[in-house]
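Q: Give me a 3D structure for the following:
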Amino acid sequence: MNRTPLAAAAAAVLALALSACSTGTSGPASGASDAGASSGTDTSAFPVTITHAYGDTVVSKPPTRVATLGWSDQDFALALGVAPVGAVKVTWGGNAKLSTPWYDAKLASLGAAEPTRYDDADGAPLEEIAKLAPDLILATNSGVTKEEYAKLSKIAPVVAYPGAAWGTPWQTSLEMVSKALGREKQAPAVLKATEDSIKAAATKYPQTRDKTFIFGAMSPTDSSKIDYYTPLDNRPRLLVDLGMKNAPVVESLTKGSTEFYQTISAEQASTLESDVFITYTESDADMAKFRKDPLLGQVPALKTGGYVAATNKTDSLGMSAPSPLSIPWAMEKFVPTVAAALDRAAPSHPNQ
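A: Numbering: from 1, shown residues only. The predicted model follows:
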């Protein structure tokens, strides 16, 4: 994955980067890979045309060998019952298999084979993808460039992102992927199950309702700045889905912006008013350092205790790459840390 969460941006300064299976359509536990009505694919839907940032892609027939790029397309395909033959290595927050626990659990439930994993740190791995002989490449939430798109399109039809790179809402990815796979009939149930997990978390943690947040990153080796995600990023979007609100200061600073994150001088830390401030950290010691810093420590939520020091990369990845598989994980693992931060801050804000 070559768009590591912003913590890895802060961790760039921390020494981290900001940065031939035959699975196909899954059938019964035997691992059947043929696509068709029996496996849930609507063959009558084809050909389908999908519009994205680089034009229109026509998928002429039901795909049976799907390769994915970006952070989450493999999850969308799998959630719809299609196991990719190839997917990007999950190097930030991933497990020993360079995968995620939510992907592995779903794959096991389908009885499907593991995908070939490739590294996209230096861009789309064209040769490795070509070796898999895919008949569809999904990249709805990726950073595929126009040049890469042109080259990938010579291998197989490519469904790229509809707007900004890395900025596709998970609901839009689900819509695009289900159409490309001929699985639009399954999409509503997947959508509902995902939304239900968000509603359940909102009900379990009512203290999050209407609270303001800033999702950012600080660096223990560079206290001169604070990075933060804009409302166009999927992390803030997911918290908004939960019922929270972007802090007014973030709304103001990012008005008209097309970027997924921005930076503010640490000298302006006191202006970052919010009920909760979330930052990626490598350890709890980092947060202690931030709170003691004469500039960073002026972030209001760091004073009230309304902060989340996100040290668990896997749980954080559930927020960074929201999908029908990762969102329930994030609701169970990450949201409680936000609720706990709000609970800590509550005594300092009796009117909340």
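
Q: how about the strands in the stretch 101-250 of the chain?
A: Assigned by DSSP state E, counting those that start in this stretch, the strands in the stretch 101-250 of the chain fall at 116-118, 136-138, 158-159, 212-219, 222-229, 245-246.

Q: So for Val144, which of those strands sits nearest?
A: For Val144, the closest of the strands of the stretch 101-250 of the chain is strand 158-159, at 7.4 Å, according to Cβ to Cβ. No exception for glycine: its C-beta is placed from N, CA and C like everyone else's.

Q: what packs against that closest one?
A: Contacts defined by 3 or more Cβ pairs under 8 Å, 6 or more residues apart in numbering; DSSP states H and E place strand 158-159 against strand 55-59, strand 136-138, helix 170-181.

Q: Show the subsequent helix or strand relative to the first one.
A: Translated: strand 55-59. Of the helices and strands lying after strand 55-59 in sequence (DSSP states H and E), the nearest is strand 66-68.

Q: What's the mean pLDDT across that following strand?
A: Averaging pLDDT along strand 66-68 gives 98.

Q: now that strand, how far from the centre of its chain.
A: The chain centre lies 17 Å from the centre of strand 66-68; the measure is Cα atoms, centre = their mean, to the nearest Å.

Q: Can you name the element that comes right after it?
A: That would be, after strand 66-68 and using DSSP H and E, helix 73-79.

Q: Give me the residues contacting that following helix.
A: Outside helix 73-79, the residues that touch it by Cβ atoms under 8 Å, 6 or more residues apart in numbering are 26, 66, 68, 83-84, 87-88, 102-103, 106-107, 110, 112, 115, 138-142, 173-174, 177-178, 181, 190, 321, 323-326.

Q: Can I get the buried ones among the residues you listed as something I can paste into PyMOL?
A: Only the buried entries of these go into this PyMOL selection, using 16 or more other Cβ atoms under 10 Å:
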select buried, resi 26+66+68+83+84+87+88+102+103+106+107+110+112+115+138+139+140+141+142+173+174+177+178+181+190+321+323+324+325+326
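
Q: and the contacts of helix 73-79, which of them are in helices?
A: The members of these that map onto helices under DSSP state H are Trp102, Tyr103, Lys106, Leu107, Leu110, Ser173, Leu174, Val177, Ser178, Leu181, Val190, Ser326.

Q: want to throw those into TSV with pLDDT?
A: Converted to TSV, those look like this (pLDDT from 0 to 100):
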residue	pLDDT
Trp102	98
Tyr103	98
Lys106	98
Leu107	98
Leu110	96
Ser173	98
Leu174	98
Val177	98
Ser178	98
Leu181	98
Val190	98
Ser326	98
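
Q: Which member of the residues you listed is positioned nearest Ser252?
A: For the ones in helices among the contacts of helix 73-79, the minimum distance to Ser252 (Cβ to Cβ) is 28.8 Å, reached by Ser173.

Q: wait, what's in contact with the nearest residue to Ser60 once chain neighbours are set aside?
A: Distance criterion Cβ to Cβ, 6 or more residues apart in numbering; nearest residue to Ser60, sequence neighbours excluded, is Pro47 at 4.5 Å. By Cβ under 8 Å, 6+ apart, the residues touching Pro47 are Val58, Val59, Ser60, Lys61.

Q: repeat for Asp135
A: With contacts defined as Cβ under 8 Å, 6+ apart, the neighbours of Asp135 are Lys61, Pro63, Thr64, Arg65, Val66, Ala156, Pro157.

Q: Where does the prediction get shaky in the chain?
A: Applying pLDDT under 70 to the chain picks out residues 1-38, 347-352.

Q: Spell out which residues make up each domain of it.
A: If you go by automatic domain parsing, the domain ranges for the chain are 6-185, 197-348.

Q: quick one on the thing from earlier: including distance to Pro300, could the strands of the stretch 101-250 of the chain go into CSV?
A: As requested, those are exported to CSV (distance: least, Cβ to Cβ, whole Å):
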stretch, distance to Pro300
strand 116-118, 42
strand 136-138, 41
strand 158-159, 43
strand 212-219, 10
strand 222-229, 12
strand 245-246, 15
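
Q: So which of these is nearest Val276?
A: Among the strands of the stretch 101-250 of the chain, the nearest to Val276 by Cβ to Cβ is strand 212-219 (4.9 Å).

Q: name the helices or strands packed onto the closest one?
A: Secondary-structure packing of strand 212-219 (3+ Cβ pairs under 8 Å, 6+ apart): helix 6-10, strand 222-229, helix 234-242, strand 245-246, helix 248-253, strand 276-280.

Q: just to revisit the earlier point, gap between the residue nearest to Ser60 and Ala130?
A: 23 Å (Cβ to Cβ, to the nearest Å).

Q: again, but for Pro231
A: Going from Pro231 to Ala130 by Cβ to Cβ gives 38 Å.

Q: Report the distance from stretch 274-291 to the chain centre.
A: The chain centre lies 21 Å from the centre of stretch 274-291; the measure is Cα atoms, centre = their mean.

Q: Sorry, wrong one. I was asking about stretch 268-283.
A: Relative to its chain's centre, stretch 268-283 lies at 20 Å (Cα atoms, centre = their mean).

Q: Relative to Ala124, how far out is the nearest residue to Gln207 once chain neighbours are set aside?
A: Leaving aside its chain neighbours, Gln207 sits nearest to Leu342 (4.8 Å; criterion: Cβ to Cβ, 6+ apart). Leu342 sits 40 Å away from Ala124, going by Cβ to Cβ.
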